[in-house]
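>>> Quick one, what's the 3D model for this:
(2 chains)
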Amino acid sequence: MRNSLTIFRKDFKQELRSKAAINSILLFAVVTLTAVSFSIGNFSISDDILAAMLWIIILFSSMSGFSHVFLKEEEANTADTLKLIAGPTDILLGKFLFNLVLLAAVLIIVTPLYVGVFNFEVKNFPLFLVTVALGAFGLSAAGTIVAALIAKASSRGALFSVMAFPILLPVLILGISATRIAFKSESLDILVPEIQALFAYCVIVSTAAIMLFDFIWND
Amino acid sequence: MNWMITFCILHELKHRKVIMQLLVQNIEKAFSGKQILKNISFEINKGESVALTGHNGSGKTTLIRILCGLSRADKGTVRFTQNGNIIEPEMFKNHFSLVGPYLQLYDELTAFENLNFVAGLKSIKEPSAKIFSLIAQVGLKGRAHDPVKAYSSGMKQRLKYAFALMSTPDILFLDEPTSNLDKDGVAKVYEIMKKQKEGKILIFATNDEQDLALADKVVQIDA
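As a prediction, this is how the structure comes out:
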């Protein structure tokens, strides 16, 4: 874990100086949010559509920035350097942590903005918080392993979206469903089936990522 | 009495000579049906240096990458032993460093941050003194806090040596050791190479006659 934190700190420092991934995710999120708010105008929209739109913004924003994490190592020819000085699991966890923190930073800005722009009330706030947190975890875990998979391919940008979409789809569906409940439900229960399924998804994807990464990274 | 015995054992362990050997056997590699490496075998012991030489495209870099685990051989084995014990491939990484034109450092970070990064991963405690000493050793004193992107290619090459030496490797692999370096840089690299082969293992790929003079053995690679 210590080595993962060292890799995370290195990536974080690089990101603070280049701002490549944060600009990509944040700009995408804010532009999409603005476009959606202008398109809807004064029409009243249901909680179901609000939940769906929020997760579409989160999904596509994360997809626009996650691939940077391995892409920049390949493009700068530092992937082999990293391979020689760190173990695969440390690299995966470090990169995952970076993507998670990046997405969390964007969500902290975009989610309150979304609630403010569309002026609605989140009735079950704890459920909403847990949904967003688990969703961010699942998106980061799956996004990181797909980013590692496509890093060596030639047409990486398009490939990331094509490969990530089916893997990230369960997060989108479960996230929308749980958020819809959080927007409508009067009870403060957070153990809804969607959250259990989202938790299971996170565990499965993380385990599969740790098991597969060695082969992806070294072959 | 007990403390004396303990002291003697510790003293003995500290000064016991470590026997190291790298054994390369029958390495073969082909790319798109074209045989690049065929039956490459050699062994190298502690205190020795081996130069890999051959015309351009003969497979020197491929062999270095195979020895470091960055590429896989089609056939053959690479075995590193310490005091007769075989070091497992996944642990071998902790025993060597590589300097090569295809290995880059992090441009956005400073020289100090690059070396501090490797120090963190190799669990080097209080690395600052070692970092500054290595930076001075490669002739970059006063440039430790400059971002690497501001360095010339020669300075980057020098920094790669500091990066490689941070972990005090048992084996130092060098691919084109003196490329991009000026006269002073070449002298500094020769100093590093001589020091490495004194008590450890040095393997380098080159076609430069001056570099070859530093080798105890020369392995000619020609497909």
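>>> What residues of stretch A:117-134 count as buried?
Neighbour counts over stretch A:117-134 (16 or more other C-beta atoms under 10 Å in any protein chain shown) mark A:118, A:122-124, A:127-128, A:130-132, A:134 as buried. All C-beta atoms are positioned from the backbone trio N, CA, C, and that covers glycine.
>>> oh sorry, the question was meant for stretch A:102-116
Buried, per 16+ other C-beta under 10 Å, within stretch A:102-116: A:102-103, A:106-107, A:110-111, A:114-115.
>>> what do you get for stretch B:52-59?
Result for stretch B:52-59 [16+ other C-beta under 10 Å]: buried residues B:52-54, B:58-59.
>>> Using TSV, please lay out the buried residues of stretch A:102-116 together with secondary structure.
Compiled in TSV, these are given as follows (DSSP: H, G, I helix; E, B strand; the rest coil):
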residue	secondary structure
A:102	helix
A:103	helix
A:106	helix
A:107	helix
A:110	helix
A:111	helix
A:114	helix
A:115	helix
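>>> The residue nearest the centre of chain B in helix, strand or coil?
For chain B, the residue nearest the mean C-alpha position is residue B:172 (2.0 Å; C-alpha atoms, centre = their mean). Classification of residue B:172 by three-state DSSP places it in strand.
>>> which residues of chain A fall in helices?
A:2-18, A:20-40, A:47-66, A:68-75, A:79-85, A:88-118, A:125-150, A:156-184, A:193-218 (DSSP state H).
>>> Oh, that last question was meant for chain B, not what I typed.
B:2-15, B:60-68, B:89-92, B:111-121, B:128-137, B:153-165, B:183-199, B:209-212.
>>> Remind me what the third one packs against, helices and strands.
Using 3 or more C-beta pairs under 8 Å, 6 or more residues apart in numbering or on different chains; DSSP states H and E as the contact criterion, no secondary-structure element is in contact with helix B:89-92.
>>> Measure how far it is from the centre of its chain, please.
15 Å (C-alpha atoms, centre = their mean, to the nearest Å).
>>> same thing with stretch A:160-172?
11 Å.
>>> Touching that stretch from outside, list them.
With contact meaning C-beta atoms under 8 Å, 6 or more residues apart in numbering or on different chains, stretch A:160-172 is reached by A:55-56, A:59, A:62-63, A:66-67, A:135, A:138-139, A:142-143, A:146-147, A:149-150, A:197-198, A:201, A:205.
>>> can you check stretch B:79-95 too?
Under C-beta under 8 Å, 6+ apart, the answer for stretch B:79-95 is A:84-85, A:87, B:18-23, B:25, B:69, B:122, B:167, B:169-171.
>>> Where is pLDDT lowest across the residues you listed?
pLDDT across these is lowest for residue B:18, at 74.
>>> Isn't that residue up against residue B:199?
No. Contact between residue B:18 and residue B:199 fails when scored by C-beta atoms under 8 Å: they sit 9.2 Å apart.
>>> Give the residues shared as contacts by those two.
Common neighbours of residue B:18 and residue B:199 (C-beta under 8 Å, 6+ apart) are residue B:46.
>>> near chain A, which residues of chain B?
B:68, B:70, B:90, B:93, B:97-98, B:102-109, B:113, B:117-118, B:120-123, B:147, B:163, B:167 (C-beta under 8 Å from any C-beta of the partner chain).
>>> so who does residue B:60 touch?
Residue B:60 neighbours (C-beta under 8 Å, 6+ apart): B:52-54, B:175, B:205-206, B:221.
>>> So which bits of stretch B:142-155 are buried?
Applying 16+ other C-beta under 10 Å to stretch B:142-155 flags B:143-144, B:148, B:151, B:154-155 as buried.
>>> Of these, just say which sits nearest to chain A.
Comparing those against chain A with C-beta to the nearest C-beta picks out residue B:148 as the nearest, at 10.3 Å.
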